[in-house]
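A.B. asks: 3D model of this:
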Amino acid sequence: MKIWDKGIAVDKKIEQFTVGYDRELDLYLAPFDVRASRAQANMLASAGLLSADENAQLQQGLGELEQQLEAGTFVIEPEYEDVHSKIEAYLTEHFGDAGKKIHTARSRNDQVLTALQLFIKDYCRRTTARTLELVEVLLIKAEAHQTDLMPGYTHFQAAMPSSFGLWFSAYAEHLLLDLSLFEAAYAVADQNPLGSGAGFGSSFPIDRQMTTREMGFGNLAVSSVGAQMLRGKTERTLAFALAGMATTLAKMAYDLVLYNSQDLAFVELPAAFTTGSSIMPHKKNPDVFELIRGRCQVLQALPNTLLLATAGLPSGYHRDFQLLKETLFGPMTQLLDILDIVLFALPELRIKPDLLKQAKYDAVFSVENINQLIQAGVPFREAYQQVGRAVEDGSYQPHREFQTTHLGSVHNLGLAEIRGKVARFRADSHLREAPVGN
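C.D. replies: Model prediction:
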């Protein structure tokens, strides 16, 4: 049941340890291994290494496996080492010699790597689609609350007037920046390694450009040695993208935990979105944002974990790479779950109006008092000192009326410009393509 089996028995304990969690994790890769096997079979037929009938049989069998995957009935039984063994065994069981020929001019090295490249490409598209949904929600909230002022903070001190519009639009713009890291991960994953074999190519007359086109890769990983070096590089690049977006989402969640507190009370979650205390009946805890914050903090460690797993390895395949699936696949799912829950909760967030009418925020208008003096001809340094003395001696009276005009300020959010960035991303990005996964 192993595609490398030479008839030599392997100790069961050794086998169990080396297989690890592959059967469970390979379910992520199964649709992509089927797609790569379709391209492999077509290419082998084109090269004269399969007959037309054999290729037709293989395409039929691979179609049956796709139906099982769509129906959720596909299983990798314990007797199979991984998804690659299961698929080849299925094809051999149903189509005999045709199934045995599917692995011609292919190593498990390039087979696994090809499925991973396709999987990560698809994941980048799925994450991008979900992120762009969140960007749209944030921009809608920014437009709805552009006149709702709030205190802006530095050093955890109320500093100057800000607005919820400015806050929401900031996160929309930064999520777009985070997608640039997913663009980089996609670019690394968009290299076809199939045909590189174990890292040294094949003496068969295979057509690697053909499989590149059939699988929808934008590029061919030309050097067979270099193709194998994608293992680890692709995963690490994606890990940096995951960590980058997690950093933004953790910061947003932390803001909302603070803003939801009784001391600040800038925002409020519906009661159904909060949890309570076992002894304090008044509590309405923002656990959803605390858990988003915590999970995103953990995700930020991912690049370092993958770097430690692969640092110092020479070129070529090493079994260490198997551990990358265990390290990466769970966090990939977690980030999508986090995006889903943010998309669910954020539209229900209630904004408290008229926050800056509270006397405790009078000092945030001190800069406007300075600006008023400057407009009357007082030099900045003198105006600063005058207002500073007034704040200290209690004679300060806030100048609440102010109007910003420059782009990206309280009264000129620049939402059209940010939407323009979204439109350009949608028009230019490779990630605009529809994902294959659900």
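
A.B. asks: let me see the domain layout of the protein.
C.D. replies: Using the TED database, the domains assigned to the chain come out as 12-104, 117-356, 359-393.

A.B. asks: lowest-confidence stretch among the ones you listed?
C.D. replies: Per-segment mean pLDDT for the domains of the chain reaches its minimum on domain 12-104, at a mean of 89.

A.B. asks: any idea how far residue 344 is from residue 329?
C.D. replies: To residue 329, residue 344 is 23 Å away according to Cβ to Cβ, to the nearest Å. Yep, even glycine has a C-beta here, placed from its N, CA and C like the rest.

A.B. asks: please say which of these two ends up with more neighbours.
C.D. replies: Taking other Cβ atoms under 10 Å, residue 344 and residue 329 do not tie; residue 329 has more neighbours (20 against 11).

A.B. asks: now that one: phi and psi?
C.D. replies: Main-chain dihedrals, residue 329, degrees, to the nearest 10: phi -60, psi -40.

A.B. asks: check residue 228 too.
C.D. replies: Torsion angles, degrees, to the nearest 10, at residue 228: phi -70, psi -30.

A.B. asks: can you check residue 149 too?
C.D. replies: Dihedral angles of residue 149 (phi, psi; degrees, to the nearest 10) stand at phi -80, psi 150.

A.B. asks: tell me who's in contact with it.
C.D. replies: Residue 149 sits next to 161, 162, 163, 164, 355, 356, 410 when contact means Cβ atoms under 8 Å, 6 or more residues apart in numbering.

A.B. asks: of the domains of the chain, which is nearest residue 399?
C.D. replies: Shortest distance between residue 399 and those, using Cβ to Cβ, is found for domain 359-393: 4.4 Å.

A.B. asks: so after the helix or strand that contains residue 367, what's the next helix or strand?
C.D. replies: Using DSSP states H and E, residue 367 sits within helix 366-375. Using DSSP H and E, the next helix or strand after helix 366-375 towards the C-terminus is helix 380-393.

A.B. asks: now the angle between helix 366-375 and that following helix, please.
C.D. replies: Relative orientation of helix 380-393 and helix 366-375, computed by axes from the mean of the first three to the mean of the last three Cα atoms, to 10 degrees: 140 degrees.

A.B. asks: report the backbone C-alpha coordinates of helix 380-393 in CSV.
C.D. replies: Output in CSV follows, covering the C-alpha atoms of helix 380-393 (Å, rounded to 0.1, in the frame of the first residue of the first chain):
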residue,chain,number,x,y,z
PHE,A,380,3.6,78.4,17.2
ARG,A,381,6.0,78.1,20.2
GLU,A,382,4.4,81.0,22.0
ALA,A,383,0.9,79.6,21.3
TYR,A,384,2.0,76.2,22.6
GLN,A,385,3.2,77.7,25.8
GLN,A,386,0.1,79.9,26.3
VAL,A,387,-2.2,76.9,26.0
GLY,A,388,0.0,74.7,28.1
ARG,A,389,-0.1,77.3,31.0
ALA,A,390,-3.9,77.5,30.6
VAL,A,391,-4.2,73.8,30.9
GLU,A,392,-2.1,73.8,34.1
ASP,A,393,-3.7,76.8,35.8
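
A.B. asks: ramachandran angles for residue 150?
C.D. replies: phi -150, psi 160.

A.B. asks: which ones are touching it?
C.D. replies: Listed by Cβ under 8 Å, 6+ apart, the contact set of residue 150 reads 161, 162, 163, 164, 167, 266, 355, 356.

A.B. asks: thanks again, I'm all set now.
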